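J.: no sequence on this one, just coordinates:
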């Protein structure tokens, strides 16, 4: 049994095998309808329980479709509708009970500790669908999307602009280590990556640079990425944070400093006119809709990896 909680938990070879499996399965589906199962139906007769502590569009739908394409069945739960970490039932007991009913669990949570707690007591695999600390499924989809467009990501330069201390940037830093790409983060001093992830990156000798000058971060990049400035449940002064990040907006002028064939990616949902302009996200360099679609394919591969 294997959990998929953080990119840093897996070896480079394991992560590479997940990406290659996703490419292979995707290529074999060209003549199939979106909810039609793959020919081999590897998840037939099995079920996934999905728990959403936080609202979701892409994670919810993409995992549901992924399970259907693998030939299985999904059960979607909200904490309000079950005994989930409430006074009358602990997370430990919830994990043990769900292990008796399903074959795998996906948890989208406000607390990374909930994932670790589930992992300790569950006898079936757990997948991190997003936590306050990391968003590994999204970054794996981004790797797949990049490589479909530009070939192997090893040695390429990825620029991240905006908040350097959130779940997406954390997972991106981990991915830079495992997939061997250069990472340049443009952010204000107040929103630099946290010390723990940077300490880990230093030990792993990740090729990472941090600058408060956005033009410097994006220069000669093969891929430009950003995220919403205000995340769900962010307990910050929103006006103050938006003002601090204003000059890190990805716009046409900044994109011109990246390589001419650079791509733009965003995990969505997007704050149009804030972290990115319409002309960039709707422009020819943008692959955000492919990113969203690829969540299905990479998550199928992650499910298979967990169960094999």
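T.: Perfect, thanks for sending it. Source: prediction; values computed, not measured.
J.: and the strands in this protein?
T.: Counting by DSSP state E, the chain has these strands, from start to end: 47-52, 73-77, 104-108, 126-130, 157-161, 182-186, 208-211, 223-226, 263-266.
J.: who wins for proximity to residue 278 among those?
T.: Smallest distance to residue 278 across these (C-beta to C-beta): 12.1 Å, for strand 263-266. Where you see a C-beta, it was placed from the backbone N, CA and C, and this is true even at glycine.
J.: sorry, back to before: and the strands of the chain as JSON lines, adding distance to residue 17 and mean pLDDT?
T.: Shown next, in JSON lines, are the strands of the chain (distance: least, C-beta to C-beta, whole Å; pLDDT from 0 to 100):
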{"stretch": "strand 47-52", "distance to residue 17": "21", "mean pLDDT": "97"}
{"stretch": "strand 73-77", "distance to residue 17": "24", "mean pLDDT": "96"}
{"stretch": "strand 104-108", "distance to residue 17": "18", "mean pLDDT": "97"}
{"stretch": "strand 126-130", "distance to residue 17": "16", "mean pLDDT": "97"}
{"stretch": "strand 157-161", "distance to residue 17": "21", "mean pLDDT": "98"}
{"stretch": "strand 182-186", "distance to residue 17": "22", "mean pLDDT": "98"}
{"stretch": "strand 208-211", "distance to residue 17": "25", "mean pLDDT": "98"}
{"stretch": "strand 223-226", "distance to residue 17": "22", "mean pLDDT": "99"}
{"stretch": "strand 263-266", "distance to residue 17": "22", "mean pLDDT": "98"}
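J.: in CSV: these, plus mean neighbour count and distance to residue 67.
T.: Formatted as CSV, the strands of the chain follow (neighbours: other C-beta atoms under 10 Å; distance: least, C-beta to C-beta, whole Å):
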stretch, mean neighbour count, distance to residue 67
strand 47-52, 20, 5
strand 73-77, 16, 4
strand 104-108, 27, 9
strand 126-130, 27, 11
strand 157-161, 26, 30
strand 182-186, 24, 32
strand 208-211, 16, 35
strand 223-226, 26, 28
strand 263-266, 24, 25
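J.: out of these, which gets nearest to residue 145?
T.: Per C-beta to C-beta, nearest to residue 145 of the strands of the chain: strand 263-266, 6.5 Å.
J.: residue 120: how many residues sit nearby?
T.: The number of residues packed near residue 120 is 12, by other C-beta atoms under 10 Å.
J.: again, but for residue 60
T.: By other C-beta under 10 Å, the residues close to residue 60 number 17.
J.: can you offset everything so residue one is 718?
T.: From this message on, residue numbering opens at 718, which makes the last subject residue 777.
J.: my guess is it meets residue 791, correct?
T.: No. In this structure, residue 777 is not within contact of residue 791 by C-beta atoms under 8 Å, at 9.6 Å.
J.: find the residues that touch each one of those two.
T.: By C-beta atoms under 8 Å, 6 or more residues apart in numbering, residue 777 and residue 791 have these common neighbours: residue 767.
J.: other SSEs contacting whichever helix in the chain runs longest?
T.: Taking DSSP state H as the criterion, the chain has its longest helix at helix 1005-1024. Secondary-structure packing of helix 1005-1024 (3 or more C-beta pairs under 8 Å, 6 or more residues apart in numbering; DSSP states H and E): helix 729-744, helix 775-786, strand 821-825, strand 843-847, helix 853-867, strand 980-983.
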